[in-house]
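[1] Predicted structure and sequence below. I'll ask about it afterward.
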Amino acid sequence: MIFQLRQRHRRIFLALGILLPVAFAVGLAARKPLPEINSLPKEIAPATAPCGSEVWSRSDMFPKSLVRIRLLREQIGAGKYAVAFSAAKDFVKPDLLVYWSDGNSSNPNTLPDNAILLGAFNAPQLPLAAAGKKTAGRLVLYSLADHEIVDVSKPIHLDGLDR
C-alpha cells in the first residue's frame, strides 16, 4: 500500500515538475501588453501653476524642518498665487504631501478637517487657488506613508503682500 502511494506521488511530482514551468511560460506569453498613454486627459491633468514673479522666499516658516518656501504670483500685484518648496538632500520623508489649512488647528497631531490638498512636496509649483485671501492660513506637511504631520508652518497672510 505504501509503495503504491509513493509511486503515485513520484509520478505526480514528476508531472508537476514538467507542467508547471510550461504553464508559467504559456501564461507569460499569453499576457496582454500594458496600455500606454502619452498624455493625461484634460479632466485629470494636474493644474498648471503660475510661474511668474517671486513675492518672497523664506526658510524660517517651518519650526521643525529646514524647508525653503518661495511664494510666487502670476504678475506683481495681480494673479494667482503658488508655492514652491526646496529642502536639503537629507530631508527625506515618505510620500510627503502639502495641505493648506485656514486658521489655527486645535490638534497639531491630526490633519484639520478644513485642510485642502495642494499636491506633492516635490512638485515644481503648487497653486494656491483654493487658499483664502482674507484669512491667515498654514501649510501642513503630511507624510502619507507614516500617517503623521511632519510640520506645520507659521501663519501666512496672502492679502496685501505685494502692494
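    That came through, no problem.

[2] G17 in helix, strand or coil?
    Following DSSP: H, G, I helix; E, B strand; the rest coil, the label given to G17 is helix.

[3] Not including adjacent chain positions, what is the nearest residue to the residue most central in space within the chain?
    Centrality entry for the chain: nearest residue to the mean C-alpha point is A120, 3.6 Å, by CA atoms, centre = their mean. In space, and not counting its chain neighbours, A120 is closest to L97: 6.1 Å by CB to CB, 6 or more residues apart in numbering. No exception for glycine: its C-beta is placed from N, CA and C like everyone else's.

[4] other SSEs contacting the host helix or strand of that neighbour?
    Using DSSP states H and E, L97 sits in strand 96-102. When contacts are defined as 3 or more CB pairs under 8 Å, 6 or more residues apart in numbering; DSSP states H and E, strand 96-102 sits against strand 116-120, strand 137-143.

[5] Quick check: beta-bridge partners of the residue nearest to A120?
    Taking DSSP bridges as the rule, L97 bridges to A120, Y142.

[6] Which pLDDT value goes with it?
    We have a pLDDT of 91 for L97.

[7] K42 too?
    66.

[8] do A129 as well
    65.

[9] and the gap between I156 and Q4?
    To Q4, I156 is 81 Å away according to CB to CB, to the nearest Å.

[10] go on, R58?
    Applying CB to CB, the value for R58 to Q4 is 82 Å.

[11] Between these two, which is the more surrounded one?
    Using other CB atoms under 10 Å, the more surrounded residue of R58 and Q4 is R58, with 14 against 8.

[12] check contacts around the more buried one.
    68-69 (CB atoms under 8 Å, 6 or more residues apart in numbering).
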